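>>> pasted the sequence and its predicted model underneath.
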Amino acid sequence: MATPSSTSVLIPAYNEAEGIGSVVRSIAKASDWHEILVIDDGSDDATAERAREAGAHVLQHPYNKGNGAAVKTGLRHASGEFIVIIDGDGQHRAALAPRLVARLGEYDLVVGARPDATQATLGRRVGNLILARLASFLTGQAIPDLTSGFRAARTSCLLEFIHLLPNGFSTPTTTTLAFIRAGYNVAFETADADTRIGRSKIRFARDGFKFFLILLRVITIFSPLRIFVPISALSLSLGCGYAAWTIATQMHITNSSVLLIVLGVIVFLLGLMSEQISTLRFEKRD
């Protein structure tokens, strides 16, 4: 079983001077951690100074790279056997972190899943719900919260996928899907969230489509047939259905029917080839 004394706390932060001090003090009060690292992602305010004053060890980027880049920097410098990642905006309740860590003996990744009622806005709730439902379908496992940045994991497992992590805000999405597809034990622990301190860096209209593309990218890397088979089946169904209709009504098969059928076959073969490549990747890893 994991303990806080063997766990490094990573807090990525960008222009969070208003609340980073209270976040560090809250997480320090929650338990006796191995270390608390604040990764200042090129802030142009006093984020780094406030974090140091609160007692954290601060790593600084010379310029803003993104939340994911900050997490990767923290992973490369963390010396604990386990990791807790908590946002620097104060929305996550630090007192719940030991509860996530306590489950790491049985699980390799524990995600602090936010109930719908505690998520920021209606638009954000709807967007997260759509992404979570789509991810659940693509992975075959229930995922109540795909985008929560509050999580605990084995450091070695996170480092295994560090090359896949994007520099932007979709690191939680990528790690969750990667752990599930790799066969690691993943749990979701209910963790109420508070209203963040300051202004959110995420814009639903701008970043929502990026999250969707990241979702498709990760699934095609780890489980491509989940994408290719439905597309192939749809194309084959349309082609065969249209061919049957034209034979019954016009006594011939149209070029459109043939093209749809051929497209379905090609897409399926591409998916099969992608699945074999994915399998070989994991065999090489093992």
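Looks like it arrived, so ask away.
>>> show me the helices in the stretch 101-250 of the chain, by range?
Assignment of helices within the stretch 101-250 of the chain using DSSP state H, counting those that start in this stretch yields the ranges 122-139, 155-160, 171-181, 204-222, 225-250.
>>> most tightly packed of these?
Mean neighbour count, computed with mean count of other C-beta atoms under 10 Å, is highest for helix 171-181 among these, reaching a mean of 24. All C-beta atoms are positioned from the backbone trio N, CA, C, and that covers glycine.
>>> list of residues touching it?
The set of residues external to helix 171-181 that reach it, using C-beta atoms under 8 Å, 6 or more residues apart in numbering, is 67-68, 71, 108-109, 111, 131, 135, 139, 141, 143, 146-149, 151, 153, 157-158, 161, 164-166, 186, 211, 214-215, 218-219, 222-223.
>>> worst mean pLDDT among the helices of the stretch 101-250 of the chain?
Averaging pLDDT over each of the helices of the stretch 101-250 of the chain singles out helix 204-222 as the lowest, with a mean of 68.
>>> dump the residue contacts of residue 148.
Under the criterion of C-beta under 8 Å, 6+ apart, the neighbours of residue 148 are 111, 112, 113, 114, 172, 191.
>>> got a markdown table for those residues, with distance to residue 76 too?
What follows is the contacts of residue 148, written out as a markdown table (distance: C-beta to C-beta, whole Å):
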| residue | distance to residue 76 |
| --- | --- |
| 111 | 22 |
| 112 | 23 |
| 113 | 27 |
| 114 | 28 |
| 172 | 18 |
| 191 | 26 |
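>>> closest to residue 7 among those?
When those are ranked by distance to residue 7 (C-beta to C-beta), residue 112 comes first, at 14.3 Å.
>>> the closest one is in contact with residue 189, isn't it?
Yes. With the criterion set as C-beta atoms under 8 Å, residue 112 and residue 189 qualify as a contacting pair; they are 5.8 Å apart.
>>> any shared contact partners between the two?
Between them, residue 112 and residue 189 share the neighbouring residues 96, 100, with contact defined by C-beta under 8 Å, 6+ apart.
>>> neighbour-wise, which of these two wins?
residue 112 (25 against 18; other C-beta atoms under 10 Å).
>>> list the contacts for the more buried one?
Remark: with contacts taken as C-beta under 8 Å, 6+ apart, residue 112 is in contact with 92, 96, 100, 145, 148, 150, 151, 189, 190, 191.
>>> quick check: the gap between it and residue 279.
As judged by C-beta to C-beta, to the nearest Å, residue 112 and residue 279 stand 32 Å apart.
>>> again with residue 263
Between residue 263 and residue 279 the distance is 25 Å, computed by C-beta to C-beta.
>>> and the two? which has more neighbours close in?
For the pair residue 263 and residue 279, the greater number of neighbours falls to residue 263 (17 against 10), based on other C-beta under 10 Å.
>>> which helix or strand contains that one?
Element membership for residue 263, per DSSP states H and E: helix 255-285.
>>> what is that helix packed up against?
Packing contacts for helix 255-285, counted by 3 or more C-beta pairs under 8 Å, 6 or more residues apart in numbering; DSSP states H and E, involve helix 204-222, helix 225-250.
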